[in-house]
Each structure stands twice: as structure tokens, then as C-alpha cells.
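Undergrad: predicted model, plus sequence, below.
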Amino acid sequence: MRILSLECSATPASVAILDFDKNEYKVLAYRFRNEGLTHSQTLVPMIDEVLREADVSLSSIDYFAINVGPGSFTGVRIGVAALKGITALDGANCIPVSTLQSMAYNYADVPGTHTICATMDARCQQTYTATFTVSDGKVSRLTEDSAIMVTELGDYLKTLNNSIIFVGDGANLCYNILNVKINCVIAPEEHLWQNAISTALAAIDMLRDGFKPIPSSEILPVYLRAPQAERELKRRNS
């Protein structure tokens, strides 16, 4: 079976097509761009590119996966809109994936057991975050997705007594604040960024665990806090 996945929840954007069965997967095509361009400029051309490289049509894709948040409000909305656009005609089977959960799958092919803290910079020394263990490809969630202060995250990670690997665009922020309190490292570049391959791997595991895909019309962005403009309006009116 084939799955096409989208990721544009932060500055980078990526698209992937994977072929998979019960136990294995193969990447048929992948595009990743971190060029400072808007996702509205890059996402649809990348979809066209991976379809051509994989030599498949949209009609031959069995599932569609997308990171629905948390993340950039604009980026997540663009991704969801793109998914709805490419699946509007056939009511395709869609799988909404937590951005933070997908980031743990950056270590799915790394042998051994790792404690992964997926983190995205939420500004003002806050982070969107969730923590996972990845053991020889099996991803297990330790905490739910949340928006918290980095110092509060450090208080939790300290209780684990494990070496922590920070993954995501908030890795530098968290490391710079917390490295004096906990044993931690930043993931190397090849495992650092949220990406569409990891989105697909998370979605495939969801299917294997019994998740029932939904129509793209039911896919909605997931935000852990209100947009900045809404927060500012509420503050001024309080």
C-alpha cells in the first residue's frame, strides 16, 4: 500500500510517498525544503515532484497523512488546506498525526533505546512539547502534547534520570536553557527536523494499531494555545 504524507508545521516543508506492508516500508520519493519560502509556494510543487519521481498518480495513493499540529498557525493551515485540495474528489482515507509524535519517529531506524523530547519553539521561552521512548523502532509516548515553559519541561525531564535527545526546531532553545540541569543533547541534523517521512511512519503505526482513517473534510488543525492576535486581544480586553 502507498501513503503520501505532508509536513509544514514549522519553517521546513516536506512531502513523502512510502510503500508499506505489515512489517516493512520503502521510501519511493521525498522532498524537503528549508529555504525561507512560504509553504504556499513550496508545498504543491513538491507534491507534484514526488508523484512524478515515484511514478504514481494521486488515484493510486491508498492513504494520506499530515501533521495537524501543534506548530505554526499559518503553516498547519496551509498543509490542511493542501490536503483537502488534493483529496477533494475521492474522499480519500486521511490520517491526522500529532506533529510532536511524528518527530519521535526521526529515531525509528536508530538502534537502541532513546528518550526523545520533541520540542517546538512557542516563543517567550515556551515550548510545544511531548516526550517519548524509542526502543529499536518502537515508539512509546510518555507525555501528552502540551504548551509549557521550558523551565517546567526541565523539571519533568530531570525526573526521568535519562539522557534526553531534543528533536525539533525548539531543540536549541531547550538545550541552551536546560543543559546545566539535565543530561541532554541536540539531535544531529539528519534527525533534527520534523519531516514527512516520520509523519508517514507515525501514520503507518496508527493504522497497524487499528486507527480508522477519516475523510479530509474532517481534518482540522490542532492548536495547543490561541493565536498571538487572539491572545493580545483578550489581554487588552481583560
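TA: Nice, I can see it. Nothing here was measured: the structure is a model prediction, and the numbers come from that model. Residues are numbered from 1 along each chain as shown.
Undergrad: please count neighbours and contacts with C-alpha atoms only from this point.
TA: Fine.
Undergrad: show me what contacts the residue lying closest to residue 11 once chain neighbours are set aside?
TA: Excluding the flanking residues, the one nearest residue 11 by Cα to Cα, 6 or more residues apart in numbering is residue 34, at 6.4 Å. Residues near residue 34 by Cα atoms under 8 Å, 6 or more residues apart in numbering: 11-13.
Undergrad: same list (those residues) but as JSON lines, adding distance to residue 115 and secondary structure.
TA: Formatted as JSON lines, these follow (distance: Cα to Cα, whole Å; DSSP: H, G, I helix; E, B strand; the rest coil):
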{"residue": "11", "distance to residue 115": "24", "secondary structure": "coil"}
{"residue": "12", "distance to residue 115": "24", "secondary structure": "coil"}
{"residue": "13", "distance to residue 115": "25", "secondary structure": "strand"}
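Undergrad: looking at those, which one is closest to residue 172?
TA: Within the contacts of residue 34, the smallest distance to residue 172 is 14.7 Å, found for residue 11 (Cα to Cα).
Undergrad: residues near that closest one, how many?
TA: Neighbours of residue 11 under the rule other Cα atoms under 10 Å: 18.
Undergrad: is it true that it touches residue 36?
TA: Yes. The criterion here is Cα atoms under 8 Å, and residue 11 meets it with residue 36 at 6.9 Å.
Undergrad: between the contacts of residue 34, which is nearest residue 3?
TA: Set against residue 3, the nearest of those by Cα to Cα is residue 13 (17.1 Å).
Undergrad: for residue 43, give me the backbone phi and psi.
TA: phi -70, psi -50 (degrees, to the nearest 10).
Undergrad: renumber starting at 279 from here on
TA: Done: numbering now begins at 279, and the last item shifts to residue 321.
Undergrad: what pLDDT is listed against it?
TA: pLDDT recorded at residue 321 is 94.
Undergrad: quick one: residues contacting the residue nearest to it when sequence neighbours are not counted.
TA: For residue 321, ignoring the flanking residues on the chain, the nearest one in space by Cα to Cα, 6+ apart is residue 291 at 6.8 Å. Taking Cα under 8 Å, 6+ apart, we find residue 291 in contact with 284-285, 310-312, 317, 320-321, 473.
Undergrad: give me the subset of those residues lying in helices.
TA: Judged by DSSP state H, these include 317, 320-321 as members of helices.
Undergrad: and the end-to-end length of stretch 410-419?
TA: By Cα to Cα, to the nearest Å, the extent of stretch 410-419 from end to end equals 4 Å.
Undergrad: any idea of the mean pLDDT for it?
TA: The average pLDDT for stretch 410-419 rounds to 96.
Undergrad: low-confidence stretches in the protein?
TA: Low-confidence segments of the chain (pLDDT under 70): 315, 503-516.
Undergrad: tell me the centre residue of it?
TA: The C-alpha lying nearest the average C-alpha coordinate of the chain belongs to residue 377 (Cα atoms, centre = their mean; 2.8 Å).
Undergrad: just checking, it touches residue 354?
TA: No. Between residue 377 and residue 354 there is no contact under Cα under 8 Å: 9.7 Å.
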